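S.K.: return atomic coordinates for the entry below.
(one chain, ligands or ions: 3)
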Amino acid sequence: MTSPYAQRRALLATQLGNDGVAIIPTAPEQVRNRDADFLYRHDSYFYYLTGFKEPNATLVITGDGKSTLFCAPKDAEREIWDGYRLGPEAAPAALGVDTAFSITELDTQAPRLLDCHKVVWYPFATHKGLETRVDGWLGSLRARVRFGALCPDQQRDLCSILDEMRLIKDLGEQAIMRRAGQISAGAHIRAMQLCARMLREGQDVREYHLDAELLHEFRRLGSQHPAYGSIVAAGANACVLHYRADDAPIRDGELVLIDAACELDGYASDITRTFPANGKFTGPQRTLYDLVLASQEAAVTATRAGARFTDPHDASVKVLAQGMLDVGLLDGNKVGSVDDVIEKRAYFQFYMHRTGHWLGMDVHDCGGYLEPSELGQTSERKDALTGEVIINRPARVLHPGMVLTIEPGIYVRPAAGVPEQFHNIGIRIEDDAIVTATGCELVSRGVPVKADEIEALMRA
Ligand code: GLY
Ligand code: MN
Ligand code: MN
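M.R.: Numbers count the residues shown, from 1 in each chain. Ligands and ions are numbered 1, 2, ... in the order given. Next up, the predicted model:
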């Protein structure tokens, strides 16, 4: 059976057409400090087409369907220090590519592979300096046109093809994402339970204690990395959207917001839960929590094939805006009706991000947010808060196999006119949804979202 990687290479080749050639490097290694590197993470596009995780590699696919891999050569000395290398001799059998060379031969072989093609495709925005390198290869090819070389005369962004392919997750990808969601959900449960237990025992609980618990559970179950920097935010820190787990104390009576999830076999999960540190919501906390949850439920209901990407966001905003009026976060005498709150974006004071994003190999995964067949249908509107003129285009229609997050929230910074009981409460609830024909499958619900269920598991 052909591997999914070979199938993707073949599909890409048909889209390149006979006069196209594509170049896809993996990610470079990155220095962290002096001679220590960051933990290596492959490039997602490259991995999508190869399943190969080593650094120092580039894939070339020609429109005739042939693939050539350049990878690190075998080197007994280096392998003692850095570990096993597949090497070009073993690569065709292991990865199903047609040909493989040492990466040291890329500059000499690339012009030959580009020859006789009209269009060279490569990722424009993700590999710094690649365009200069491609220019060099084209230059050496141009120098040989008198001897019969045919140099490509067009350069195109390969991401425009690969982003569309990656947007729909196949069954194998969905299975990995389901498992990543399960592992991450289990980690959230452990962090909640540890928090309540440490407080009950009178211990000094810090954000990093919960971060450690998450990491432990991710790795214990085979995940390679966190999918992004974990947010563990105690109390008012939850109102800082990109807060990182730090050393702040977690106090009895506060909420804790955890936005953390693992990457498994190259695929991200992305989960947020907000819970009372001691296991019991206060009245005002519960009021806002139930509002965010109701807004998430509305968004989940709006997530199905045929709906637009923006429908879940609009559904959330509607519930949040009405709720903000009901609980007194917004004063109807000042801001008007719920329609006014939405129209004037008055809710933005407490809800300033979108309700979701594509999820896949990258936590904010690739894929256009506009419907490709309707790009010409533009309309203009003036933003109520900034006065800026915004060009609207129809949002993407959802299809089975697309995966997105659903993550509404409320963040209440102290301000004049804002009821004090809500000050410094930050709540977000985030789940990962695979779009299906009739709705969506939430693959992150191994950790509950209902307030009563969270309280019950924190008592356990
Ligand atoms: N964890 C990043 C996000 O929720 O988008
Ligand atoms: Mn997210
Ligand atoms: Mn998140």
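S.K.: so what's the residue count around residue 34?
M.R.: 5 (other C-beta atoms under 10 Å). To be clear about C-beta, it is placed using only N, CA and C from the backbone, and glycine gets the same treatment.
S.K.: let me fix that, I meant to ask about residue 460.
M.R.: Neighbours of residue 460 using other C-beta under 10 Å come to 10.
S.K.: contacting residues for it?
M.R.: residue 193 (C-beta atoms under 8 Å, 6 or more residues apart in numbering).
S.K.: ok, now how distant is it from ligand 1?
M.R.: 27 Å (C-beta to the nearest ligand atom, to the nearest Å).
S.K.: which non-adjacent residue is nearest the most centrally placed residue in the chain?
M.R.: What sits nearest the mean C-alpha location of the chain, by C-alpha atoms, centre = their mean, is residue 363, with 1.4 Å. Leaving aside its sequence neighbours, residue 363 sits nearest to residue 268 (C-beta to C-beta, 6 or more residues apart in numbering; 4.3 Å).
S.K.: specify the beta-bridge partners of that neighbour.
M.R.: residue 263 (DSSP bridges).
S.K.: can you start the count at 794 instead of 1 from here on
M.R.: New numbering, starting at 794: the last item is residue 1061.
S.K.: quick one: low-confidence ranges for the stretch 944-1093 of the chain?
M.R.: Scanning the stretch 944-1093 of the chain for pLDDT under 70 picks out no residues.
S.K.: need the phi and psi values for the closest residue to ligand 3 within the stretch 1144-1253 of the chain.
M.R.: Ligand 3 sits closest to residue 1223 of the stretch 1144-1253 of the chain, with a gap of 4.9 Å, by C-beta to the ion. Backbone torsions for residue 1223, taken as degrees, to the nearest 10, come to phi -130, psi 130.
S.K.: residues in contact with the one helix or strand residue 873 maps to: which ones?
M.R.: Assigned by DSSP states H and E, residue 873 belongs to helix 869-875. Residues from elsewhere that reach helix 869-875, judged by C-beta under 8 Å, 6+ apart: residue 878.
S.K.: right, and the residue of the stretch 1144-1253 of the chain closest to ligand 3 touches residue 1063 too?
M.R.: Yes: between residue 1223 and residue 1063 there is a contact at 6.3 Å, judged by C-beta atoms under 8 Å.
S.K.: enumerate the residues of the protein near ligand 2.
M.R.: Residues of the chain found near ligand 2 (C-beta under 5 Å from the ion) are 1063, 1198.
S.K.: endpoint to endpoint, stretch 872-892 covers what distance?
M.R.: 23 Å (C-alpha to C-alpha, to the nearest Å).
S.K.: now swap in stretch 1087-1106 and tell me
M.R.: Terminal-residue distance, stretch 1087-1106 (C-alpha to C-alpha): 13 Å.
S.K.: distance of the nearest residue to residue 1236 once chain neighbours are set aside from residue 1060?
M.R.: Distances taken as C-beta to C-beta, 6+ apart put residue 974 closest to residue 1236, at 3.7 Å, once the chain neighbours are dropped. Going from residue 974 to residue 1060 by C-beta to C-beta, to the nearest Å gives 10 Å.
S.K.: and residue 1074, by the same measure?
M.R.: Applying C-beta to C-beta to residue 1074 and residue 1060 gives a distance of 33 Å.
S.K.: the two: which has the busier surroundings?
M.R.: Set side by side, residue 1074 and residue 1060 show more neighbours around residue 1060, with 27 against 20, by other C-beta under 10 Å.
S.K.: my guess is the more buried one meets residue 1153, correct?
M.R.: Yes: judged on C-beta under 8 Å, residue 1060 makes contact with residue 1153 at a distance of 6.5 Å.
S.K.: quick one: common contacting residues for these two?
M.R.: 966, 970.
S.K.: list the contacts for the residue of the stretch 944-1093 of the chain found nearest ligand 2?
M.R.: Closest contact between the stretch 944-1093 of the chain and ligand 2, by C-beta to the ion, is at residue 1063 (4.2 Å). By C-beta under 8 Å, 6+ apart, residue 1063 lies in contact with 1020-1021, 1052, 1054, 1152, 1156, 1198, 1200, 1223, 1225, 1237.
S.K.: skipping its backbone neighbours, what lies nearest residue 986 in space?
M.R.: residue 1251 (6.3 Å).
S.K.: how far does the strand or helix carrying that neighbour sit from the chain's center?
M.R.: Per DSSP H and E, residue 1251 falls inside helix 1244-1252. A distance of 28 Å separates the centroid of the chain from that of helix 1244-1252, by C-alpha atoms, centre = their mean, to the nearest Å.
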